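Student: Here you go, sequence then predicted model.
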Amino acid sequence: MGAGRVAAGATGGVRSGGMADRPGAEELLALAVDVATEAGQLALRGRAGTVAAESTKSSPTDVVTALDRASEALVAKRLLEARPDDGILGEEGADATGTSGVRWIVDPIDGTVNFLYNLPNWAVSLAAEVDGEVVAGVVYAPALGRTYTALRGAGAALDGTPLRVSAVESLDMALIATGFGYTVERRTAQINVLTRVIPKVRDIRRMGAASLDLCSVAAGTLDGYYERGLKPWDHAAGGLIATEAGAVTGGLDGAPGTEALYIAAPPAIFGFLVDLLAAEPRADRD
């Protein structure tokens, strides 16, 4: 899809920082869409064959496939071919500082366990950050046939159609998504939280890809989302998409959303969800 269809009225401008050649957000988004689409199609073709866990990270269940690494390598190659002075941060190890003020944040396959089991809920997530602020993002889910995009200050879209969060007004009527870490200790703490959250909401979903959970909040097909343990590549693009669709994102006590806790929900219920999670014992926040 053309990046020009993403959000009507986008100016394409970002802070110049005194650099005349600083790119516009629309330019960065167009590149992000092209690169994420190419990487997603590479992974989708690879998924037609046999896929196995090649290695693990935080635990034996936290897997990496060869296609995770191939996807990230392709993304890094294409981005640095187009913009050699940019930085890049990737889940599978891509890490370059850059000198342009632009940094790309990539999750080459978000939802690797879903991908491994041939479940369709996985995506390539790619965000462009300028001077530390995410200004453009794409979450491309090839097995679902969906491309979510956003420009800061110019809205979010699904395949060119503008997105808006749900109109839910009470937490007890809200469908909330969450996720779990891969270590026994973190999962145990998260389950303890869940047993106290679930009586207060309509229901809980756990779909296994943070970027797509955030996009679902943006689309109004989920009313809210929270998770501990997210890294920047998990939420950089999806968080911008959710925010530009009208969601509030953050952590506890007015903090921004971080690895400690990331919450996204429409304004009407965001505070209630924060209060519910803040009421949990400190041990459950570790």
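Tutor: Structure received. Numbers count the residues shown, from 1 in each chain.
Student: Tell me which stretches of the stretch 51-200 of the chain form strands.
Tutor: Secondary structure of the stretch 51-200 of the chain by DSSP state E, counting those that start in this stretch: the strands cover 53-56, 63-65, 87-90, 95-96, 102-110, 123-130, 133-141, 146-151, 155-158, 161-162, 175-178.
Student: ok, Arg164 - contacts?
Tutor: 218, 220, 245-246 (Cβ atoms under 8 Å, 6 or more residues apart in numbering). To be clear about C-beta, it is placed using only N, CA and C from the backbone, and glycine gets the same treatment.
Student: and if we set it to 7 Å?
Tutor: With contacts taken as Cβ atoms under 7 Å, 6 or more residues apart in numbering, Arg164 has the following neighbours: 220, 245-246.
Student: picking that back up, tell me the most buried of the strands of the stretch 51-200 of the chain?
Tutor: Using mean count of other Cβ atoms under 10 Å, the stretch among the strands of the stretch 51-200 of the chain with the greatest mean number of neighbours is strand 123-130 (a mean of 30).
Student: still on that earlier bit, could you dump the contacts of Arg164 into a markdown table with secondary structure and neighbour count added?
Tutor: Converted to a markdown table, those look like this (DSSP: H, G, I helix; E, B strand; the rest coil; neighbours: other Cβ atoms under 10 Å):
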| residue | secondary structure | neighbour count |
| --- | --- | --- |
| Gly220 | coil | 17 |
| Ala245 | coil | 26 |
| Gly246 | coil | 18 |
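Student: Let me know the closest of those to Ala43.
Tutor: In terms of Cβ to Cβ, no member of the contacts of Arg164 lies closer to Ala43 than Ala245, at 25.5 Å.
Student: Could you find the closest non-adjacent residue to the closest one?
Tutor: With Cβ to Cβ, 6 or more residues apart in numbering as the criterion, Ala245 has its nearest non-adjacent residue at 3.6 Å, and that residue is Ala218.
Student: hang on, the one you found packs against Ile241?
Tutor: Yes: taking Cβ atoms under 7 Å as the contact criterion, Ala218 and Ile241 are neighbours in contact, 4.8 Å apart.
Student: out of these two, which sits in the more crowded spot?
Tutor: Ile241 (33 against 30; other Cβ atoms under 10 Å).
Student: Now do the contacts for that one.
Tutor: When the contact criterion is Cβ under 7 Å, 6+ apart, the partners of Ile241 are 137, 139, 148, 150, 156, 214-215, 218.
Student: Please convert the residues you listed to CSV, extending it with distance to Leu44 and pLDDT.
Tutor: Supplementary listing: these in CSV, determined by distance: Cβ to Cβ, whole Å; pLDDT from 0 to 100:
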residue, distance to Leu44, pLDDT
Gly137, 20, 98
Val139, 15, 98
Tyr148, 17, 98
Ala150, 23, 98
Ala156, 23, 98
Leu214, 21, 98
Cys215, 18, 98
Ala218, 23, 98
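Student: what helix or strand is the residue nearest to Ala245 on?
Tutor: Under the assignment given by DSSP states H and E, the secondary-structure element containing Ala218 is helix 210-219.
Student: can I get the strands of the stretch 51-200 of the chain in CSV with distance to Ile198?
Tutor: Written out in CSV, the entries for the strands of the stretch 51-200 of the chain read as follows (distance: least, Cβ to Cβ, whole Å):
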stretch, distance to Ile198
strand 53-56, 30
strand 63-65, 28
strand 87-90, 34
strand 95-96, 38
strand 102-110, 25
strand 123-130, 26
strand 133-141, 27
strand 146-151, 27
strand 155-158, 28
strand 161-162, 32
strand 175-178, 9
